[in-house]
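Undergrad: Predicted model follows, preceded by the sequence.
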Amino acid sequence: MKLKEKKYNVEYPVVHQVNDIDLSGTYSYAHYLNWKFEDRLELIKGKIFKMGSPSTTHQRIIGRIYVALFMFLKGHRCEAFIAPFDVRFPNDSLEDKAVFTVLQPDIAVICDQAKLDEKGCIGAPDIVVEVLSPGNSKKELINKFNIYQEFGVKEYWLVSPTGRSFIKYVLNLDGVYEAGLRYVGGEFVSDILPGFRLNVEEVFGVLK
């Protein structure tokens, strides 16, 4: 029997199987913390989005980008984190029951250490990296783009394995993303990490 949606002033039940959740319901991070199954889910404004298992190609690309960031950020105040890593996007309150958007970016770079706790990150990372995969729905991509823009993620790197390319979105002074050139070779650079260089050909390498 599926669980009915719970109000936020009552106990949050522990759930051991994803099939016991009403996927049409609206949920908070307080619910999310009590989901004890292996399936990966994200919350976007309280709605559940299932995450597929990453492919080998996806993992290779993410690993190469993460290593480059990790090496560059040694001794830097910023840190890079690789999924699974919860990033919570709060509105008026930081309480678990009041947070309705929880994403797991492929890579998140956080420069404000106050945003980090043992659960992950609360508040917008400075940089988010997402690698496209066949499992990404158009609705999911649009929703994530809007969340990152709304909450002030300064840079959003969208990586396409099939196009072997990067697109960098940079938040302008009006809080709106501006898309840079499509990187299909050469060096990819960051506006907010001066000196960082990423060889695009090396990121994609020989991917089978």
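TA: Perfect, thanks for sending it.

Undergrad: so residue 73 makes contact with residue 79?
TA: Yes: Residue 73 is within contact range of residue 79, at 6.4 Å (criterion: CB atoms under 8 Å). Just so you know, the C-beta spots here come from the backbone N, C-alpha and C atoms, and that holds for glycine as well.

Undergrad: Excluding chain neighbours, what is closest to residue 188?
TA: Excluding its sequence neighbours, the residue lying closest to residue 188 (CB to CB, 6 or more residues apart in numbering) is residue 198, at 4.2 Å.

Undergrad: residue contacts, the one you found?
TA: 65, 68, 166, 187-189 (CB atoms under 8 Å, 6 or more residues apart in numbering).

Undergrad: Spell out the secondary structure type for it.
TA: When the structure is split into helix, strand and coil by DSSP: H, G, I helix; E, B strand; the rest coil, residue 198 lands in strand.

Undergrad: hang on, the earlier thing: out of the contacts of residue 198, which sit inside strands?
TA: Cross-referencing these against strands under DSSP state E gives 166, 187-189.

Undergrad: List buried residues within those residues.
TA: Those of the ones in strands among the contacts of residue 198 that meet the buried threshold are 166, 188, by 16 or more other CB atoms under 10 Å.

Undergrad: for the residue nearest to the spatial centre of the chain, what are its contacts?
TA: Nearest to the mean C-alpha position of the chain, by CA atoms, centre = their mean, lies residue 105 at 1.8 Å. By CB under 8 Å, 6+ apart, residue 105 lies in contact with 83, 85, 87, 125, 128-130.

Undergrad: okay, it: pLDDT?
TA: Confidence per residue is given as pLDDT, and for residue 105 that number is 96.

Undergrad: If anything else comes up later, I'll come back, but that's it for now.
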